[in-house]
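>>> After the sequence you'll find the predicted model.
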Amino acid sequence: MSKINNGGPVFPEPSVYLCTKCRQGMEPDDFKSMSLRDWYAGQALKGLLLADAQYCLCKTEIGFAEKAYKLADAMIAERDR
């Protein structure tokens, strides 16, 4: 199974308690943040909930979540193209 591209952190913030020298060599994933994929899915979910009667027809919480993450994955794939 391949690893899902989460797009990296959306609002990366290194710890305020670490000096610049201590933060050197840290990867962006070391910073506490939601992933870009999660942020995109949240944004897509808002639209899906608003447009449900005309577009999504998911009707279950799982259906909405699956559709939101499929849209997020498509946005990340397009971004990487």
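Perfect, I can see it now. A quick note: this is a predicted structure, and the numbers were derived from the prediction, not measured.

>>> which non-adjacent residue is nearest residue 45?
residue 68 (4.1 Å; Cβ to Cβ, 6 or more residues apart in numbering). To be clear about C-beta, it is placed using only N, CA and C from the backbone, and glycine gets the same treatment.

>>> contacting residues for that neighbour?
Contact analysis of residue 68 by Cβ atoms under 8 Å, 6 or more residues apart in numbering lists 41, 42, 44, 45, 48.

>>> which SS state does it fall under?
helix (DSSP: H, G, I helix; E, B strand; the rest coil).

>>> Need the pLDDT of it.
Reading off the confidence values, residue 68 has pLDDT 93.

>>> any idea which helix or strand comes after the lowest-mean-pLDDT helix or strand in the chain?
Here the helix or strand of the chain ranked lowest by mean pLDDT, DSSP states H and E is helix 20-23, holding a mean of 62. Counting by DSSP states H and E, the next helix or strand C-terminal to helix 20-23 is helix 36-51.

>>> Let's see that next one as CSV, backbone CA atoms only.
Provided in CSV are the C-alpha atoms of helix 36-51 (Å, rounded to 0.1, in the frame of the first residue of the first chain):
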residue,chain,number,x,y,z
LEU,A,36,-2.6,20.3,3.9
ARG,A,37,-4.7,17.3,3.1
ASP,A,38,-6.7,17.7,6.3
TRP,A,39,-7.1,21.4,5.6
TYR,A,40,-8.3,20.8,2.0
ALA,A,41,-10.7,18.1,3.2
GLY,A,42,-12.2,20.5,5.8
GLN,A,43,-12.7,23.1,3.2
ALA,A,44,-14.3,20.6,0.8
LEU,A,45,-16.5,19.3,3.6
LYS,A,46,-18.0,22.8,4.2
GLY,A,47,-18.9,23.0,0.5
LEU,A,48,-20.3,19.4,0.5
LEU,A,49,-22.5,20.1,3.4
LEU,A,50,-23.9,23.3,1.9
ALA,A,51,-24.5,21.7,-1.5
